[in-house]
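*Asks:* Build me a model:
(one chain, ligands or ions: 1)
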Amino acid sequence: MNRFIGRSLCVIDDLSREERLYFFQQVRKLKEAVKANDTETINSFRINDPDFGIYEVFLENSTRTKESFRNAANFHYAKVTEMSADNSSFSKGESYADTFNMLSGYNNRVFIIRSKVEGVCKHLSQECAEYAKRNDLPYTPAFLNAGDGKHEHPTQELLDEYSFLEDNNWNSDDIHIALVGDLYHGRTVHSKADGLTLWKNVKVDLIAPDELAMPESYVTKMKENGFEVREFKSIDEYLTQSDVSKQWYFTRPQLERMGEKILAKAASLRTSITFREDLMDKIPEGTKFYHPLPRHKEHPTIPTFLDNTSLNGWEKQAINGMYCRIILLALVAGKIGDDFEATEKKVVEEEQPWIIEIQPKESNEKGDVSEGVRPISNGIVIDHICKGEDPAEIRRHMILIRRVMGLDGLKGGEWVSQSANGDFKGIIFRPGQFEFTHKQVKRLAAVAPGCTLNIIQNGKVAKKYRTTMPPRIYNFDDLMCTNDACISNDSQNENVQAMFTKTKDGRYMCAYCGKVHTFKEIFKH
Ligand code: CP
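*Replies:* Below is the predicted model:
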């Protein structure tokens, strides 16, 4: 069974480390065959099927990704189509799902999509799989993310990793890399937070002024992935210390996205991430520079005097783009990949129960139950809300909890209490008869993790539950990712229900765009 057939690549983490190492072996084999003019080996990679549909849909500008994919698709003697979005029914308000469902019915097996809407490939891979089932299609289309907003650029990540390996004697044990430039907007550097796990030991130096700094969630992810991370505000600051990387990865400053205030500082921001001739003797021998390109003709951060030097790694990197994309298409089509054998098992963390029933105390002694529990004969008390936070914040969040749990408009009340150790906590009580379904308790656990739910019957705590964050939260209409570029944000009008997974540091990551939220942010306010 070929595990690559019909696989989507929405984020780089969709391919395991082992799968990527296999992928790079194939790229290397193809490049060597091309160099040796070994036609038989070259032909062994071709899909060679004029009915196999490869569809390019670029809703944002591109030269390298679009053209290298087009050339890669032509290599395969496949049916290559480019959608002209401007003349399509997108302008009549058609959704992504309806558009791509229909196109997948026309024998199109692979879609290559660039869009400013983040998470679009993940959404479409789910939707079109359902469509294929409903319509009895003999295949499930694959979606290859060619760059989605500020989120990820996984096919660029593949060619970047390949280029680093190629220039570093195929060493997949250690890497020390400097990421320089617009780390805030650059989707290629965001993909590195998971992509660099290809190497066992990773040291990353982030070089960007505050305005262009790597978002905190990606820095956290890098650290959780075991990378050693250092941060510098400029190339000059970086070069004042001695532990300088030999692999520098530049990204284009996207200042135009940042409003007037930033544009006023454009010159100094660019200077801090632009290499200069006088720095040549401060970098280690054997240093290589990389860049996903394009570079700006007026403000290149890797100036053109570097083109004809040994630092130039970016030209070969761009050429590798086509070879990597040939191999990706060959894998997804099932032309290669039969001989791949996985040895590493994916570590699935054991799920901890997120709602635990605890034994209510029998005693009626004063102080055994929280304030508010005692006065109710029948009802519920939600206790320990936002324990340890300040009273104003607890009150603010209780408004959301009431709405999420449908407790507005009922009798009862809420207040902020202080525990013996001085911590504040919120309490909501509602008298009456309550039946909580599993789904409702899950909502409570998501909106108020750490709280306890007391079910009071006949003046006693009949049942008591302690909650923690559920590992996944979805299937609720009032969840929403706060990133307005995300396919699941209401502003996109794509009717995509939000979905979140718990992060290692106890937050919620959007399953589409990767934006990290606190538990207070995932329900619509
Ligand atoms: N590297 C890259 O994505 O370039 P293009 O924008 O030209 O596709």
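*Asks:* Contact residues of the stretch 151-300 of the chain facing the ligand?
*Replies:* Counting by C-beta under 6 Å from any ligand atom, the stretch 151-300 of the chain comes close to the ligand at Gln156, Pro292, Leu293, Pro294. Where you see a C-beta, it was placed from the backbone N, CA and C, and this is true even at glycine.
*Asks:* and with 8 Å instead?
*Replies:* The stretch 151-300 of the chain comes close to the ligand at residues His153, Gln156, Thr188, Pro292, Leu293, Pro294, as judged by C-beta under 8 Å from any ligand atom.
*Asks:* Now tabulate the residues you listed in CSV and tack on pLDDT and neighbour count.
*Replies:* Putting those into CSV (pLDDT from 0 to 100; neighbours: other C-beta atoms under 10 Å) gives the following:
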residue, pLDDT, neighbour count
His153, 98, 26
Gln156, 98, 24
Thr188, 98, 25
Pro292, 98, 27
Leu293, 97, 18
Pro294, 96, 13
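*Asks:* of all these, which comes closest to His176?
*Replies:* Nearest to His176 among these: Thr188, at 18.3 Å, using C-beta to C-beta.
*Asks:* Can you say which helix or strand has that closest one in it?
*Replies:* Element membership for Thr188 (DSSP states H and E) is helix 187-190.
*Asks:* Can you spell out which helices and strands pack onto that helix?
*Replies:* Judged by 3 or more C-beta pairs under 8 Å, 6 or more residues apart in numbering; DSSP states H and E, helix 187-190 is in contact with helix 154-167.
*Asks:* CA atoms of the helix it packs on as PDB?
*Replies:* Below are the C-alpha coordinates for helix 154-167, written out as PDB (Å, rounded to 0.1, in the frame of the first residue of the first chain):
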ATOM      1  CA  PRO A 154       5.300  23.700   2.900                       C
ATOM      2  CA  THR A 155       6.500  23.000  -0.600                       C
ATOM      3  CA  GLN A 156       9.100  25.800  -0.200                       C
ATOM      4  CA  GLU A 157      10.100  24.200   3.100                       C
ATOM      5  CA  LEU A 158      10.800  20.900   1.300                       C
ATOM      6  CA  LEU A 159      13.100  22.600  -1.200                       C
ATOM      7  CA  ASP A 160      14.700  24.700   1.500                       C
ATOM      8  CA  GLU A 161      15.500  21.600   3.600                       C
ATOM      9  CA  TYR A 162      16.700  19.800   0.500                       C
ATOM     10  CA  SER A 163      19.100  22.700  -0.300                       C
ATOM     11  CA  PHE A 164      20.400  22.800   3.300                       C
ATOM     12  CA  LEU A 165      21.100  19.000   3.200                       C
ATOM     13  CA  GLU A 166      22.700  19.200  -0.300                       C
ATOM     14  CA  ASP A 167      25.100  22.000   0.800                       C
END
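*Asks:* now for that helix, which elements pack on it?
*Replies:* Contacts defined by 3+ C-beta pairs under 8 Å, 6+ apart place helix 154-167 against helix 17-35, helix 64-75, strand 142-148, helix 187-190, helix 192-195, strand 247-250, strand 288-290, helix 314-332.
*Asks:* Out of these, flag the one nearest Thr437.
*Replies:* Of all the helices and strands packed on helix 154-167, strand 142-148 sits nearest to Thr437, with 34.9 Å by C-beta to C-beta.
*Asks:* With only the CA atoms kept, save that closest one in CSV.
*Replies:* The C-alpha trace of strand 142-148 is given here as CSV (Å, rounded to 0.1, in the frame of the first residue of the first chain):
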residue,chain,number,x,y,z
ALA,A,142,-4.8,15.9,-3.0
PHE,A,143,-4.2,19.6,-2.1
LEU,A,144,-0.8,21.1,-2.1
ASN,A,145,-0.4,24.3,-0.2
ALA,A,146,1.6,26.7,-2.4
GLY,A,147,1.5,29.4,0.3
ASP,A,148,-1.5,30.5,2.4
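*Asks:* I'd like the secondary structure assignment at Glu521, please.
*Replies:* Recorded secondary structure, Glu521: coil (DSSP: H, G, I helix; E, B strand; the rest coil).
*Asks:* wait, what's in contact with it?
*Replies:* By C-beta atoms under 8 Å, 6 or more residues apart in numbering, the contact set of Glu521 is Thr482, Tyr508.
*Asks:* all numbers from here: first residue = 41
*Replies:* Sure thing, new numbering starts at 41, so read that last one as Glu561.
*Asks:* Distance check, it against Thr260.
*Replies:* With the distance defined as C-beta to C-beta, to the nearest Å, Glu561 ends up 16 Å from Thr260.
*Asks:* Same question for Phe380.
*Replies:* 32 Å.
*Asks:* ok, which residues in the stretch 341-490 of the chain are in contact with the ligand?
*Replies:* Residues of the stretch 341-490 of the chain lying near the ligand by C-beta under 8 Å from any ligand atom: Ala358, Gly361.
*Asks:* Show me where the stretch 341-490 of the chain has its helices.
*Replies:* Shown for the stretch 341-490 of the chain, the helices assigned by DSSP state H, counting those that start in this stretch span residues 354-372, 431-444, 478-487.
*Asks:* Check these for me and report the most buried one.
*Replies:* Across those, averaging neighbours per residue (mean count of other C-beta atoms under 10 Å) puts helix 354-372 on top, at a mean of 22.
*Asks:* Can you show me the CA trace of that one as CSV?
*Replies:* Extracted in CSV, the C-alpha atoms of helix 354-372 (Å, rounded to 0.1, in the frame of the first residue of the first chain):
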residue,chain,number,x,y,z
TRP,A,354,19.7,30.9,-3.3
GLU,A,355,20.1,30.2,-7.1
LYS,A,356,20.5,26.4,-6.6
GLN,A,357,17.8,26.5,-4.0
ALA,A,358,15.3,28.0,-6.6
ILE,A,359,16.4,25.3,-9.2
ASN,A,360,15.8,22.6,-6.6
GLY,A,361,12.2,23.9,-6.4
MET,A,362,11.3,22.2,-9.7
TYR,A,363,13.0,18.9,-8.8
CYS,A,364,11.3,18.8,-5.4
ARG,A,365,7.9,19.5,-7.0
ILE,A,366,8.4,16.8,-9.6
ILE,A,367,9.0,14.3,-6.8
LEU,A,368,6.1,15.6,-4.8
LEU,A,369,3.7,15.1,-7.7
ALA,A,370,5.2,11.6,-8.4
LEU,A,371,4.6,10.6,-4.8
VAL,A,372,1.0,11.9,-4.6
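*Asks:* related to what we said a few turns ago, of the helices and strands packed on helix 194-207, which is nearest Ser457?
*Replies:* helix 232-235 (40.8 Å).
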